[in-house]
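A.B. asks: Okay, here's the prediction I keep looking at, along with the sequence it came from:
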Amino acid sequence: MSGRLRLATGETSERLGDPDLVRRTLRLLACEIELDVDCDRLERGLGWMAANALQSMEITRRHRLTVRRRDEGYAIDCDGEAVSWEPEPGQAAVRLSSLAHELALAALPDPTRVHAGCVDSPAGRFLVVGERGAGKTTLLTRLMFEEGFAVRSDELALLTSGVVTPFPRRFRLRPPTSRLVPQLAGVPGVLAYEDDAWGGITFVDPSDLGAEWRIDAATVGAIFFLVPAHDGGSRLEGCSRVEAARLLMTQSAGPAGGAERWLDDVCTLAASSLCYRLILGNLDQAVDAARVGLAPLCGAAARQGGTS
């Protein structure tokens, strides 16, 4: 394990001089956030925000989020300025998560944000792109249990100059995923926030399975665009790079630098990757289809290794 890599977030929790406050220190990419909370119930529930990932990105920004019970609700400050008031602990937790992610993204050099899961394999890194409800998180959760796949993120990939960095967020699993991936039943350490805002959602990451969860930057070799076929079969179809660029535009948000850079990022990614449509139904078939799609990259890697 590289000495440059450190535990990312949620690994420290301490009582402060104020006896009512507990501090949890979070690390998200280049941002370190001190989260001070005066409600034990809320503080315990924030365990799902801890992303037990290994990261090498240098910390460039530090912030403090403070939550205090006030007026029968929860007042949230960011670096000493009031930003929100929430009536319930679950809603406060949701808002804290959103603020932490906004602060983390603001600390980066303005990447293109792709709504995609990120996976490493012997063939290299690949993305799984799909609209909400397409089955992206369910497929990625299943891949966590498959040999040869190291799932890095399920929701957001950050693209800059052809290089992708997964965003370290715990996977948010709804009941259908738990039913479709029965292997989850034996996973220790799955966290559930049992409150109104997150009702029915559990949180898990690769470290809960005993796997190393590494967050780093790498080029992408393949992209799978999901087409839901619930209760049907799964199969792989070709996807032109022009169509891939179009689909990526629909599932991404461009940098503040403007549409030209956004288009350049997306077109560069599509042009340098194998692109497929993955009709997603049966999960066993979907895993097999992904292996078939990655096979050309495995062959290229083997040939390159043989000539080095």
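C.D. replies: Everything's here; your move. Numbering: from 1, shown residues only.

A.B. asks: Which other helices and strands does the host helix or strand of Thr66 contact?
C.D. replies: Applying DSSP states H and E as the criterion places Thr66 in strand 61-70. Counting contacts by 3 or more CB pairs under 8 Å, 6 or more residues apart in numbering; DSSP states H and E, strand 61-70 packs against strand 31-37, strand 73-78, helix 89-106. For the C-beta atoms, the positions are set from N, CA and C on the backbone; glycine is no exception.

A.B. asks: for those, which one ends up most surrounded?
C.D. replies: Highest mean neighbour count among these (mean count of other CB atoms under 10 Å): strand 31-37, with a mean of 22.

A.B. asks: Give me the distance from that one to the chain's centre.
C.D. replies: Centroid separation for strand 31-37 versus its chain: 19 Å, with CA atoms, centre = their mean, to the nearest Å.

A.B. asks: okay if I get the helices and strands packed on strand 61-70 as TSV plus distance to Arg61 and mean pLDDT?
C.D. replies: Putting these into TSV (distance: least, CB to CB, whole Å; pLDDT from 0 to 100) gives the following:
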stretch	distance to Arg61	mean pLDDT
strand 31-37	5	93
strand 73-78	12	95
helix 89-106	7	90
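
A.B. asks: could those be laid out in TSV, adding distance to Arg113?
C.D. replies: What follows is those, written out as TSV (distance: least, CB to CB, whole Å):
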stretch	distance to Arg113
strand 31-37	15
strand 73-78	21
helix 89-106	7
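
A.B. asks: looking at the ones you listed, which is closest to Cys267?
C.D. replies: Among the helices and strands packed on strand 61-70, helix 89-106 comes nearest to Cys267, with 22.6 Å by CB to CB.

A.B. asks: after that closest one, next one along is what?
C.D. replies: In N-to-C order, the element after helix 89-106 by DSSP H and E is strand 112-114.

A.B. asks: all helices in this structure, in order from the N-terminus.
C.D. replies: Along the chain, counting by DSSP state H, helices occupy 40-45, 89-106, 136-143, 175-180, 241-250, 259-271, 283-307.

A.B. asks: Return the strand holding Thr66 as PDB; C-alpha atoms alone will do.
C.D. replies: What follows is strand 61-70, C-alpha atoms only, in PDB (Å, rounded to 0.1, in the frame of the first residue of the first chain):
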ATOM      1  CA  ARG A  61      -9.300  23.500   1.600                       C
ATOM      2  CA  ARG A  62     -10.600  23.100   5.100                       C
ATOM      3  CA  HIS A  63     -14.100  24.000   6.300                       C
ATOM      4  CA  ARG A  64     -16.200  23.600   9.500                       C
ATOM      5  CA  LEU A  65     -19.900  22.600   9.600                       C
ATOM      6  CA  THR A  66     -21.600  23.100  12.900                       C
ATOM      7  CA  VAL A  67     -25.000  21.800  13.900                       C
ATOM      8  CA  ARG A  68     -26.900  22.900  17.000                       C
ATOM      9  CA  ARG A  69     -30.300  22.200  18.300                       C
ATOM     10  CA  ARG A  70     -32.300  25.400  18.100                       C
END
